[in-house]
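> Test case, fold it:
(2 chains)
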Amino acid sequence: MSRLLQWVFGRLPIGWLQLTHKRGGFIAALSGVAFANVLVFVQLGIMNSMATATLRPYDFFLADIMISAADANALAEGGNVARQWMLQSFADSDVIAGMGLFVGNAPWDRGDKDITFTTFGVDPGQPGFLAPDIAGDAVLLQVQDVAILDRLARGLSREDAAAIRPQTPLSFETQGRTLTALDTFAGGGGFGGDGYMLVSDQTFLSLFASRTSGAPDHILLRLRSGADVAVVTERLRGLISDDKIRIRSFAEAAQEDLRYQQTQRPTGVIFGFGVLIGVLVGLVIVYQVLSADVADHLREYATFKAMGYGPWFFLSIVVEEALVLGILGFLPGLAVGTGILTLMGKVTTLPLAMTPGMAVIVFAGTVIFSVLSGVIATRRLAAADPADLF
Amino acid sequence: MNRDMIVEAHGLNHWFGTGEARKQALFNINLALPRGSLTVLMGPSGSGKTTVLTLLGCLRAVQDGSVQLMGQELCGATEAELTALRWRLGFIFQSHNLHESLTALQNVMMGVQVRTGVKDDLTRRAAARALSLVGLSDRVDYLSANLSGGQKQRVAVARALVGNPAMVLADEPTAALDKDSAAEVVDLLKRLGAERGTTTLLVTHDNRILDRADRILTLEDGRIVASKVSTGDDLDETLE
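Okay, here's the model as predicted:
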C-alpha cells in the first residue's frame, strides 16, 4: 500500500504513515467508515428492493396502454374505472384487445399466520395479456374458484409450494370461499402483501362481493403490432373525455407507480432519508478523523510549511488519508452490507441483495464524500503558522 | 548589495498587533551576515530574536525597512516568492518538530523532497548521507519516538542540511543536548560554513557554544545593543 501511494502521489505516503502510526485509531476510523457504508447499503438495498417489488407485478402482464382511475397512483390503489371505456377505446383502429384487471387483497388464514395475497382477477380467455410463463395457466383459470399461487410468497413453505400441481392441487379458504390452487408462478413478497395470486375475473368477483364486472381497477389494452403507443395514447385521451381517468402507456404507469412509492409513500421517503443519513454519518466520521488528524499534526505541518511546502502538498496528504479511509473502509462495509442484505432477504422474502450497481455507487460515493470531508478538514491547516514554531 | 553578504538588513522595524494594541518589536535593525559565517543572536526573552529569525527566514512579511536575502528584497515580496526562497533555507527548531510517524530517514527526506519532488532514489541517498554526517547512520529506520532527545535534534539538523541550504536558521538547537553533542552540532554547522559556504544564524542562550561563533549579536528591547566579531581567539566588540 505504501509503495502504491508513493507511486500515485509521487512523494512519501505521509497520509498513510500518519493513519497507520496509531493502529487503534486507524481501525476505529475504518470501522466508522464501514459502519456508514453498511447504513447506506442497507437503506439502498431496501430502496432497490422496493423498486423491484413495485415493478414486479407489472411483469405478470403484457399490455401497451393502461387506463386507470385518476387517483390510481399504484397498481393496487385508487378507484375503479368503467369497463365502457375499454369498449370505447376499440373505436381506435390500432387497439386490438382489451382486458379488465381486478386487484384486491385476499388473506389466507393458515391458523397461526395469515398470508395476504395481492390478487389479480384476469380474463382467462385472453392469455395474450399474461406473461409467457403464466399464460399457459390461463386455461386452468377458466374453472371457477381456481387459483394460481405465488410460490415465493412469504409464509408459504417452498416444499408446500413445490407440491402444488394440477394432479396434486391445494385447497384453501379465503374470503369465505374455498379456492383450489392448481399451479404456481414466481412472484415474490412485496411491501403491500406477502405474495401474489391469479384468479379469473369471475372468481375474483365471487371473492369480493362488492365488486362488479363493469368496474375493474384498470383496463389493459394491446395495440396492433407497429402502432406508436404514445400517439395512440394521445388519441385515446381525445376520444375518452373523462377527467376522472388516466390513460398512460403501461411502461409509463409502472414508472409513475415507482416514483409514487419512492417519493410520496412514507416508506420510500423514510428509506431515502436513511440513505441521506448514512451519507451524512460517513461524512461526519471521515471529517472528524481527518480534522483531528490535522489538529494533531499542526506543528509538523507548520514545519513543512516553513520548509517551503505549499497548500497543494497539504491538500494531497489529507486527500490521501481520505482515499485510504474511503477505500479500506468500503471493503468491510461491502462484506457486512452483503451479509445483512442476504440475511434480510431470506427472512423477509423481499428481493434484497447486493448488486454490482449498488456497490459501484456506494464506492464512488464513499470516495467522493471522503475526499470532500478531507478538503473541508484542510481548512484547519490555516492555523499552522510556521512563524509560531520559533 | 554586497555579494559577500547573504543577508543585509537596513532600518528594519516590525510591529505586532493593531490599533491601541499595536506594539513595536524591532527598532531600526541593521545587520549583514557574510556567506559561510556562523552568527549567534543573543538576548533576553522578548528582545526580538525570534522576530528577527522569522523575518530573515521569510516566515513573516517585512513591514518596514529593507531586507535583502540572496539578492532578493523581502519587503513587498509575494507569498510565492517567500515560499520559493524558503526552499533555499534550512530550519532547526528548538523542539525539533520531527514527524512522529516517519522514520529518521523519511524525516530527513522531507527536507529535500520539496526541491527534488519524486526522485526517490536521490532523496533517499541524500538523506542517508545527511544522517551519516550527524552520526546517525545506524538510526535511519528508527521512528522519532525511539530516538533520544539528542538524536532527534541531530535528525532535525540533518533535515535542515540535506538540501544544501544557503543559510540555516536555528532556534536553540543545542538546548536539549549535552555539552559534547552541542559542540558536535555547532562544529558541524561551522564546518559546513567553511566547506559549502552555508551561513548559519543561531539564536541561543547556550554560553557553551559562543566561542565557536564568527559573530555575536545581542538584542535588547528590539534593538541591537552589541555586535562582536571574532578575530581568531577573541571577539572584537563593534556596534553597527
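> When you work out contacts or count neighbours from here on, use the C-alpha atoms and nothing else.
Noted.
> longest helix anywhere in chain A?
Across chain A, the longest stretch assigned as helix under DSSP state H is helix A:311-348.
> Quick one: list the elements packing against that helix.
helix A:14-21, helix A:23-55, helix A:266-296, helix A:356-377 (3 or more CA pairs under 8 Å, 6 or more residues apart in numbering or on different chains; DSSP states H and E).
> quick one: A:Asn105 is in a strand?
Yes: assessed with DSSP: H, G, I helix; E, B strand; the rest coil, A:Asn105 lies in a strand.
> List the contacts of it.
By CA atoms under 8 Å, 6 or more residues apart in numbering or on different chains, the contact set of A:Asn105 is A:Thr116, A:Phe117, A:Thr118, A:Thr119, A:Gly193.
> Tell me which of those fall in strands.
A:Thr116, A:Phe117, A:Thr118, A:Thr119 (DSSP state E).
> re earlier: from the contacts of A:Asn105, which is closest to A:Met1?
The closest of those to A:Met1 turns out to be A:Gly193 (CA to CA; 49.4 Å).
> wait, that closest one sits on A:Thr118?
Yes: contact criterion CA atoms under 8 Å: A:Gly193 and A:Thr118 qualify, at 5.8 Å.
> if you count what's nearby, which of those two comes out ahead?
A:Thr118 (22 against 18; other CA atoms under 10 Å in any protein chain shown).
> quick one on the thing from earlier: in the longest helix of chain A, which residues are buried?
A:313-334, A:336-338, A:340-342, A:344-345, A:348 (16 or more other CA atoms under 10 Å in any protein chain shown).
> try stretch B:15-35
Going by 16+ other CA under 10 Å, stretch B:15-35 has these buried residues: B:Ala25, B:Leu26, B:Phe27, B:Asn28, B:Ile29, B:Asn30, B:Leu31, B:Ala32, B:Leu33, B:Pro34, B:Arg35.
> Just the CA atoms of it, as CSV, please.
What follows is stretch B:15-35, C-alpha atoms only, in CSV (Å, rounded to 0.1, in the frame of the first residue of the first chain):
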residue,chain,number,x,y,z
TRP,B,15,5.2,45.8,14.8
PHE,B,16,2.7,43.3,16.3
GLY,B,17,-1.0,43.9,16.8
THR,B,18,-3.2,46.6,15.5
GLY,B,19,-4.8,49.8,16.8
GLU,B,20,-4.3,50.5,20.5
ALA,B,21,-2.6,47.1,21.0
ARG,B,22,0.0,47.8,18.3
LYS,B,23,3.5,47.3,19.7
GLN,B,24,6.8,47.8,18.1
ALA,B,25,9.1,44.7,18.4
LEU,B,26,12.1,45.8,16.3
PHE,B,27,13.7,49.2,16.0
ASN,B,28,15.9,50.2,13.2
ILE,B,29,17.8,46.9,12.9
ASN,B,30,20.8,47.0,10.6
LEU,B,31,22.9,43.8,10.1
ALA,B,32,24.8,41.9,7.4
LEU,B,33,25.7,38.2,7.5
PRO,B,34,28.7,37.2,5.4
ARG,B,35,28.4,33.9,3.4
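> which residues sit against it?
B:4-14, B:39, B:47-48, B:51-52, B:63, B:65, B:193, B:197-199, B:221-224, B:240.
> And the residues you listed, which of them are buried?
Judged by 16+ other CA under 10 Å, buried ones among those: B:5-9, B:12-14, B:39, B:47-48, B:51-52, B:65, B:193, B:197-199, B:221-224.
> Which residue, other than its chain neighbours, is closest to the closest residue to chain B within the stretch 51-200 of chain A?
The nearest approach of the stretch 51-200 of chain A to chain B comes at A:Ala51, 48.2 Å away (CA to the nearest CA). Of all residues not flanking A:Ala51 in the chain, A:Leu258 sits nearest, at 6.1 Å (CA to CA, 6 or more residues apart in numbering or on different chains).
> Stretch A:18-27 near chain B anywhere?
Yes: legend: contact between stretch A:18-27 and chain B by CA under 8 Å from any CA of the partner chain is shown at A:Gln18, A:His21.
> For my notes, confirm B:Gly135 occurs in a helix.
No: counting by three-state DSSP, B:Gly135 is not part of a helix but coil.
> tell me the mean pLDDT for stretch B:179-195?
Stretch B:179-195 shows a mean pLDDT of 82.
> I meant to write stretch B:146-162 there.
When pLDDT is averaged over stretch B:146-162, the result is 88.
> what's the answer for stretch B:92-102, then?
Mean predicted lDDT for stretch B:92-102 stands at 85.
> and if you look at stretch A:352-366?
86.
> Equivalent analysis for stretch B:30-45, please.
The pLDDT scores in stretch B:30-45 average 91.
> Now the terminal residues of that stretch, how far apart.
Using CA to CA, to the nearest Å, the span of stretch B:30-45 from its first residue to its last is 20 Å.
> is A:Asp150 in a bridge, and if so with what?
For A:Asp150, the beta-bridge partners are A:Phe185 (DSSP bridges).
> Can I take it that B:Glu100 is in a helix?
No: per three-state DSSP, B:Glu100 lies outside any helix segment and is coil.
> hang on, isn't it packed against B:Leu147?
No: applying CA under 8 Å as the test, B:Glu100 and B:Leu147 come out as separate, 10.6 Å apart.
> CA-only coordinates of stretch A:172-187, as PDB, when you get a sec.
Taking Å, rounded to 0.1, in the frame of the first residue of the first chain, the C-alpha atoms of stretch A:172-187 are listed here in PDB:
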ATOM      1  CA  PHE A 172     -57.600 -23.300   0.900                       C
ATOM      2  CA  GLU A 173     -60.100 -20.900   2.400                       C
ATOM      3  CA  THR A 174     -60.100 -17.200   1.600                       C
ATOM      4  CA  GLN A 175     -62.700 -14.500   1.700                       C
ATOM      5  CA  GLY A 176     -65.200 -17.200   2.900                       C
ATOM      6  CA  ARG A 177     -64.700 -19.400  -0.200                       C
ATOM      7  CA  THR A 178     -62.600 -22.400  -0.900                       C
ATOM      8  CA  LEU A 179     -60.200 -22.000  -3.700                       C
ATOM      9  CA  THR A 180     -58.100 -24.600  -5.400                       C
ATOM     10  CA  ALA A 181     -54.600 -23.800  -6.400                       C
ATOM     11  CA  LEU A 182     -53.600 -25.800  -9.400                       C
ATOM     12  CA  ASP A 183     -50.200 -24.300 -10.200                       C
ATOM     13  CA  THR A 184     -47.700 -21.700  -9.100                       C
ATOM     14  CA  PHE A 185     -45.700 -18.900 -10.600                       C
ATOM     15  CA  ALA A 186     -42.700 -16.900  -9.400                       C
ATOM     16  CA  GLY A 187     -43.900 -13.700  -7.900                       C
END
